[in-house]
Each structure stands twice: as C-alpha cells, then as structure tokens.
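K.L.:
Based on what follows, work out the 3D shape:
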Amino acid sequence: NAVDAEALLMLCVTDLWYRVQRSSNRTVYPLAVRVKTFASVSGGAAVRATSYCCKTVAVSELMVDRTEGDPASDVIKGVIFAQMKPTGAVQRLQRGGLRACHCPDGVQIEDILQEWCFSKNQVLLLGHQQSGMHTWADIQQEASVLEPSADQLMQAIVQHNKRQLAAAASATADTASTTPSPAPLLVVGYVMKPSREEQLSTAGLLHLLPQDGLSFMPFDTTRLPEKQGHIDILLHKGSDELVTTADGGVVWSDRLLQLQDWLKTRFHICVVDPFENTKKVLDRLQLSLMLNQLKHVRLPSGVVARAPRYIHLDSFDGAGLPDILTSAGLHAPYIVKPLVACGVKHSHSMALVLLDDALQQLQGQVPVPAVVQEFVNHGGVQYKVYVLGEKVFVTPRASIPDVQLNSDPPPQDQLLLFDSLGSLPTQLPAHMTQQQHTSTAPPAVQPDMQALEAVAAFLRSHLGLTLFGFDVVVAQQLPVTGASSTNQELVVIDVNYFPNYRGGTDTPALFRAALRQCWEKHQHSCLLGGQGSWSWAGTPGYP
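P.N.:
Numbering: from 1, shown residues only. Take a look at the predicted model:
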C-alpha cells in the first residue's frame with residue numbers, strides 16, 4: 001500500500017545517503033538517480049518520500065560534490081556502438097558486466113544514458129563523437145588500430161579503468177584523509193577458448209569492471225603480449241591449447257610455449273596455475289599413482305579415502321588379459337578411460353564394461369593407451385568437490401546407476417560407450433541396472449565434509465594448484481577392515497584443473513579472493529628472491 005511504499009522508499013534513500021557518507025565506493029551514485037527515477041513514475045507517495053529524503057540528506061547535491069573532478073568517475077561502465085561493431089562485442093561486454101548496445105538511427109544517445117543512469121564520462125562512444133564522452137582515440141593502446149577487435153576493445157577498457165583508479169588512489173594519498181588507500185587494482189589476463197570464456201563470464205567469474213580489486217580481460221596468444229597492456233595475473237586453461245604428437249602423447253601448442261617463454265622474464269606476473277603443475281592432471285596413470293597416496297591422509301574416524309583400483313593397458317587384444325586383471329586385484333565391472341585426461345579429441349571417450357571378455361570389443365572404440373578402473377557402485381550420485389584456494393564446496397550430480405553384479409548378458413550387451421564431457425549415462429539398459437527391492441532407491445549417503453577438506457588439502461599440496469576440482473563417490477559396499485569399523489568409503493575417481501564451478505554459492509567472490517591470495521603470496525615469494533610463479537606445492541595443511 002501507499003504507506004508501506006513511502007516508508008520503504010524513505011528507508012532506501014536514507015540507506016543510500018549513509019553509504020555515500022561512509023564509503024568511497026562511487027558505484028552508489030547511480031543508485032540515487034535510479035531511486036529518483038523510480039519515484040517519478042511510482043505515484044504521489046513515492047514522490048513525496050523522495051522529495052523529503054533528498055531535501056533532508058541532500059542526496060542530489062552530494063552526488064555533484066563528490067563526483068566532480070574525481071578520476072574514479074571516469075571509469076568506463078558502458079559502450080555505445082554508433083557505427084563500428086566488432087563481431088560478438090556487445091554480448092561479450094554484457095557478460096563481462098558492462099552495459100553495451102548498438103545505437104540505431106533515430107535513437108538519442110541521451111535516452112540511453114538516462115536508461116543506464118550513467119554520466120557521459122562513464123561511457124565509451126564508438127563510431128561517433130559527442131562532447132564529454134570517451135572515444136576510441138582516447139583509450140586505444142595501438143595508434144595503428146582504427147577498428148578494434150572485441151579483444152582489443154575489452155583490453156583497452158580495462159587498461160583505461162586501471163589508470164583512472166590509480167589516479168584516484170594517488171589523489172586520495174596526497175590528501176590528509178584518514179581513509180586508508182584501497183588495494184591496487186589487479187588486472188587478470190585470461191587465456192582460454194571462446195566457449196569457456198562464455199561459460200565462465202556468464203557465471204560472473206570474468207568481470208571486466210573492477211570487483212574486489214580485480215578486473216579481467218582476454219589475453220590473445222596470437223598477438224604480441226606487449227601490445228595488450230599490463231597484467232598482474234595470467235589465468236589460463238592450458239588444456240585448451242594442447243596438441244597431439246605422432247606417438248599419441250600431448251604437448252603444449254607453439255603459441256602457449258611462446259607465451260611461457262615470455263613469462264620467464266616477467267617475474268612480477270603471477271601465473272594461475274603454473275603450467276608444470278596443471279600438466280600433472282593430464283595423465284590419468286600419473287594421477288592414479290598420486291591418488292594411491294590417499295591412504296596416508298588422516299581422516300575422521302570411520303572414514304577412508306582411496307583411488308579406484310586400476311591397470312594400464314596398451315592394447316585390448318590379448319588372451320591373457322583376464323589373468324592380468326585378476327593379478328591386479330581387479331574384477332568386473334570396469335570403467336575404461338583413455339590415458340590422456342583432457343584437451344584432445346577422444347580424451348573423454350569411455351566405456352562401462354560388465355565382463356572381462358567384453359574388453360576386446362573396445363579395440364578401436366576407446367583410444368589406447370588406456371586405464372581400466374574398477375566400477376564402484378555408489379547409489380547413482382557423484383559429488384563434485386570444487387576448490388578455490390583454501391575454500392572448498394561440494395555439489396551433487398546424477399551419475400551412473402548401480403550396476404548389476406554377476407550378470408551374464410550376451411556379448412553385444414556387455415559394454416556401454418559414452419562421452420563423459422557431454423553427460424554421464426544416468427540411465428542404463430535394464431540388463432545392466434541393479435534390481436532394487438523397493439520401488440524407490442535409497443537416499444544417497446552424504447560424504448563427510450571434514451574428510452573432503454582433508455583430501456582437498458592433500459591434492460592442493462601435491463598438485464600445487466589454486467583452482468581445481470575432484471569427483472568423489474561414496475561406495476555402497478563398505479570394505480572389510482578387520483577390527484576397525486569403516487562407516488564411509490570415499491573413492492576419488494577424477495581430478496581436473498580449473499573446473500566450471502557450477503552450483504556454488506557466492507562463487508565469483510570466492511574465485512576473486514583465491515586469485516588475490518595467490519597473487520599476494522607470489523609477491524611475497526618474489527620479495528624473498530623467488531623466481532617463477534608461487535604455487536601451493538609442498539605447502540602444509542593436510543593431516
């Protein structure tokens with residue numbers, strides 16, 4: 001009703017005034033314009049409330065006094081394309097947190113500014129000139145570039161904003177203000193394929209506008225690094241730049257190798273994560289060897305963690321294959337995976353195999369060399385454990401249902417091929433699925449969070465990674481451990497670098513905090529004479 005609306009609006013404007021008074025955060029100013037705009041179209045009660053509050057706390061005058069001549073107010077928050085329009089630029093800018101639009105004929109630029117609640121000096125106008133607004137000539141980094149690509153445009157905006165905020169911080173430091181200077185803005189240059197950029201920026205992880213002291217921009221491996229502006233952190237998904245060798249192995253692309261050479265003399269740049277560390281998760285055999293050490297991790301009473309039992313095969317063709325599997329302690333069913341974990345064609349081509357004899361049918365179906373792992377019945381639920389520096393969170397995902405053991409289907413029904421990158425087979429043919437005695441499946445057992453954090457600390461130390469994830473299942477059948485009782489067996493079935501972090505709460509803020517923490521530790525390492533990027537390798541913290 002009108003009384004509640006008036007009271008609520010008065011509270012909003014008063015809160016706005018308090019924030020402006022107590023904070024140097026200039027992003028609150030457009031909120032005052034939005035409140036006034038809302039009041040002008042929301043009826044008499046809202047107009048009276050805003051009029052009263054503005055007269056009482058002088059919000060409108062405060063806006064003028066605090067922003068006039070302030071370098072921070074020149075931070076570019078929106079882009080209007082009058083003529084030039086790089087392919088995909090509007091969508092990429094919007095995903096990066098900027099306002100962006102194409103200004104067709106007949107649309108007044110002032111109308112756009114009013115809709116956005118931005119002043120002229122907060123908007124970049126491309127393909128046209130108007131007094132008080134930034135143009136490409138004002139921010140371009142390469143004089144010869146007259147029509148920028150989307151990458152060049154995003155880089156120029158980030159570099160301009162960094163300069164403006166640095167000037168604002170310098171001006172604050174020169175005054176007698178008791179307000180502590182804000183931490184310097186860190187520029188994060190990211191290297192990844194377009195589809196991954198779209199996914200992460202849509203989730204709010206690659207913000208162009210400064211947030212929590214970080215600003216993200218694309219870093220193009222096909223252009224000279226010196227032409228792209230200053231960066232403090234290089235964030236990469238190196239597996240996007242893998243190429244296959246003649247013998248079936250994988251190496252970094254020539255472009256990524258050149259980038260690594262360039263970084264060798266730029267000790268101030270923190271690489272997240274060091275390339276040599278991310279390479280540790282590319283080989284499933286080496287990863288399995290490391291996961292075997294989970295038995296040494298101290299976990300809560302009654303909880304054990306381990307890797308799946310496995311064997312490495314160079315061929316699926318061999319009469320003695322069943323004996324090899326038995327000697328390794330393996331029994332059907334199995335999950336069969338290529339040795340290369342990611343980044344190349346067919347690295348996610350897998351198979352669920354019910355019987356030993358069916359392995360020979362995989363010749364030409366699953367790339368070799370391959371890893372054959374035991375399949376552990378786990379109630380059809382796997383847990384994606386995401387790690388951001390020292391923060392850990394877990395999200396459940398539907399997984400492969402429990403498999404019927406000791407079945408004897410015909411040869412053509414003994415295996416199921418699937419691509420794990422698309423989705424796991426969450427429904428199986430009737431002859432594969434374990435029969436339930438009740439109409440509903442039992443609820444999945446939640447993994448012990450303290451145990452997962454201990455496993456995360458172990459992996460963080462052994463891999464030396466800031467950004468990674470691992471997949472865990474809770475075994476349905478508990479192991480026999482003699483006198484000691486085991487209440488929960490956790491099986492770590494996969495580890496990957498820089499996952500998508502879907503399903504977390506406040507993930508963007510945790511992501512930025514992890515990057516800043518990594519940068520701070522890197523700077524400390526450099527002050528002590530270290531060369532190369534700091535990493536979590538060898539750090540204490542796991543029991």
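
K.L.:
quick one, helices of the stretch 251-400 of the chain?
P.N.:
Here the stretch 251-400 of the chain has its helices, by DSSP state H, counting those that start in this stretch, at 254-263, 275-278, 284-291, 321-327.

K.L.:
Relative to residue 236, how far out is residue 459?
P.N.:
Spatial separation of residue 459 from residue 236 under the definition CB to CB, to the nearest Å is 19 Å. Just so you know, the C-beta spots here come from the backbone N, C-alpha and C atoms, and that holds for glycine as well.

K.L.:
Those two: who's more crowded?
P.N.:
residue 459 (27 against 24; other CB atoms under 10 Å).

K.L.:
quick one: buried residues of the host helix or strand of the more buried one?
P.N.:
Per DSSP states H and E, residue 459 falls inside helix 449-463. Residues of helix 449-463 classed as buried under the neighbour-count rule (16 or more other CB atoms under 10 Å) are 451-463.

K.L.:
what about the helices of the stretch 251-400 of the chain, which gets the closest to residue 423?
P.N.:
Among these, the nearest to residue 423 by CB to CB is helix 284-291 (19.7 Å).

K.L.:
buried sites along the closest one?
P.N.:
284, 287-288, 290-291.

K.L.:
And for stretch 215-227?
P.N.:
By neighbour count on 16+ other CB under 10 Å, the buried set for stretch 215-227 is 215-221, 225.

K.L.:
would CSV of those residues with pLDDT and secondary structure be doable?
P.N.:
Listed next are those as CSV, based on pLDDT from 0 to 100; DSSP: H, G, I helix; E, B strand; the rest coil:
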residue, pLDDT, secondary structure
215, 98, strand
216, 98, strand
217, 98, strand
218, 98, strand
219, 97, coil
220, 94, coil
221, 90, coil
225, 91, helix
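
K.L.:
Nearest to residue 382, out of those residues: which one, please.
P.N.:
residue 216 (30.2 Å).

K.L.:
which helices and strands does the helix holding residue 459 pack with?
P.N.:
Using 3 or more CB pairs under 8 Å, 6 or more residues apart in numbering; DSSP states H and E, the elements in contact with helix 449-463 are strand 303-306, strand 381-388, strand 391-398, strand 467-474, strand 488-497.

K.L.:
repeat that with 10 Å
P.N.:
Under the contact criterion of 3 or more CB pairs under 10 Å, 6 or more residues apart in numbering; DSSP states H and E, helix 449-463 touches helix 275-278, helix 284-291, strand 303-306, strand 381-388, strand 391-398, strand 467-474, strand 488-497.

K.L.:
and these as CSV, adding distance to residue 261?
P.N.:
Formatted as CSV, the helices and strands packed on helix 449-463 follow (distance: least, CB to CB, whole Å):
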stretch, distance to residue 261
helix 275-278, 11
helix 284-291, 25
strand 303-306, 39
strand 381-388, 29
strand 391-398, 33
strand 467-474, 23
strand 488-497, 21
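
K.L.:
so can I have a markdown table of those showing mean pLDDT?
P.N.:
What follows is these, written out as a markdown table (pLDDT from 0 to 100):
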| stretch | mean pLDDT |
| --- | --- |
| helix 275-278 | 95 |
| helix 284-291 | 94 |
| strand 303-306 | 96 |
| strand 381-388 | 97 |
| strand 391-398 | 95 |
| strand 467-474 | 97 |
| strand 488-497 | 96 |
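
K.L.:
Show me how far stretch 228-242 is from its chain's centre.
P.N.:
Relative to the chain's own centre, stretch 228-242 is displaced by 13 Å; criterion: CA atoms, centre = their mean, to the nearest Å.

K.L.:
Between the two ends of it, what distance do you get?
P.N.:
Distance across stretch 228-242, first residue to last, is 23 Å (CA to CA, to the nearest Å).

K.L.:
correct me, but residue 397 touches residue 471?
P.N.:
Yes: between residue 397 and residue 471 there is a contact at 8.4 Å, judged by CB atoms under 10 Å.

K.L.:
Mind checking which of the two has more residues around it?
P.N.:
Set side by side, residue 397 and residue 471 show more neighbours around residue 471, with 18 against 14, by other CB under 10 Å.

K.L.:
how about that one, what does it touch?
P.N.:
By CB atoms under 10 Å, 6 or more residues apart in numbering, the residues touching residue 471 are 382-385, 397, 399, 420, 491-496, 499.

K.L.:
before we move on, what about residue 302?
P.N.:
448, 451, 478, 481, 484-489 are the contacts of residue 302 under CB under 10 Å, 6+ apart.

K.L.:
got it, and residue 294?
P.N.:
304-307, 454-455, 458-459, 462, 490-492.

K.L.:
any idea which of the contacts of residue 471 is closest to residue 348?
P.N.:
Of these, the one sitting nearest to residue 348 (CB to CB) turns out to be residue 420, at 4.5 Å.
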